[in-house]
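Asker: Provided below for reference: sequence and predicted model.
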Amino acid sequence: MADKHVTFPIVNASAERLPFADESFDIVFCDHGAMSFADPEKTVPEAARVLRQGGLLVFNMVSPLLFACWDELKDEIAYSLHANYFELRRFDYQEGFVEYQLPYGAWIDVLRRNRMIVEDLIELQPPDGATTTYPELVPLEWARRWPAENIWKARKP
Ligand SMILES: C[S@@+](CC[C@H](N)C(=O)[O-])C[C@H]1O[C@@H](n2cnc3c(N)ncnc32)[C@H](O)[C@@H]1O
């Protein structure tokens, strides 16, 4: 904020129960945050609730395909399908945190049930010359062949 000479409130709260009034934001944005680590059945309704009419929900997270290719025994990404795609939902890690992921159709379903219109699903592919700071998640060559991350865009009509 100091760098850009702007000030705005920063609120620390759970995205499953936002401490904001209905229809108070034009944009809800999330980058590898609550949409990955909180329950979409709670976060999507909350995002839809706090958006004004015409407001935009944008979130970036790892892809369902990445989860489907995760080799749990080796605890690393594989170049083939491993997980049961239809069972993607909630993952409880030994370290004590949880992560959520849904099949693509279930994402569209939860967005539509909350009256959000899906405008785009951007499947990220590293351009030529790109490097990665996250090789332990997926090698660069994996991300060139399959989308490791998605950006969802949905709008409140
Ligand atoms: C991997 S960090 C990414 C943060 C940021 N986008 C960045 O690139 O630095 C994950 C973030 O999700 C937030 N988070 C996890 N569960 C949340 C929840 N239920 N409600 C709100 N935020 C949550 C964490 O507090 C953390 O800041």
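Answerer: Received, thanks.
Asker: centroid residue for this structure?
Answerer: Centroid-nearest residue in the chain, with C-alpha atoms, centre = their mean: Met61, separated by 3.3 Å.
Asker: distance check, that one against the ligand.
Answerer: Counting by C-beta to the nearest ligand atom, to the nearest Å, the gap between Met61 and the ligand amounts to 10 Å. C-beta here means a position set from N, CA and C on the backbone, and glycine is covered the same way.
Asker: residues in contact with stretch 106-120?
Answerer: 40-41, 44-45, 47-48, 56-57, 64, 88, 102, 151-157 (C-beta atoms under 8 Å, 6 or more residues apart in numbering).
Asker: if I look at the residue nearest to the centre of the chain, how far off is Met1?
Answerer: Per C-beta to C-beta, to the nearest Å, Met61 is found 26 Å from Met1.
Asker: quick one on the thing from earlier: in a strand, the residue nearest to the centre of the chain, correct?
Answerer: Yes - under DSSP: H, G, I helix; E, B strand; the rest coil, Met61 falls within a strand.
Asker: name the nearest residue to it, sequence neighbours excluded.
Answerer: Ser36 (4.5 Å; C-beta to C-beta, 6 or more residues apart in numbering).
Asker: just the pLDDT at the residue lying closest to Asp92 once chain neighbours are set aside, thanks.
Answerer: Counting by C-beta to C-beta, 6+ apart, Val98 is the residue found nearest to Asp92 once chain neighbours are left out, at 5.4 Å. For Val98, the model assigns a pLDDT of 96.
Asker: can you give me the strands for this structure?
Answerer: 25-31, 51-62, 70-71, 76-77, 90-92, 98-100, 117-123, 149-155 (DSSP state E).
Asker: just the buried residues of the contacts of stretch 106-120.
Answerer: Those of the contacts of stretch 106-120 that meet the buried threshold are 40, 44-45, 47-48, 56-57, 64, 88, 102, 152, 154-156, by 16 or more other C-beta atoms under 10 Å.
Asker: Ile27: which of the residues you listed is nearest?
Answerer: Nearest to Ile27 among the buried ones among the contacts of stretch 106-120: Leu56, at 5.1 Å, using C-beta to C-beta.
Asker: residues contacting the closest one?
Answerer: By C-beta under 8 Å, 6+ apart, the neighbours of Leu56 are 26-28, 119, 153-156.
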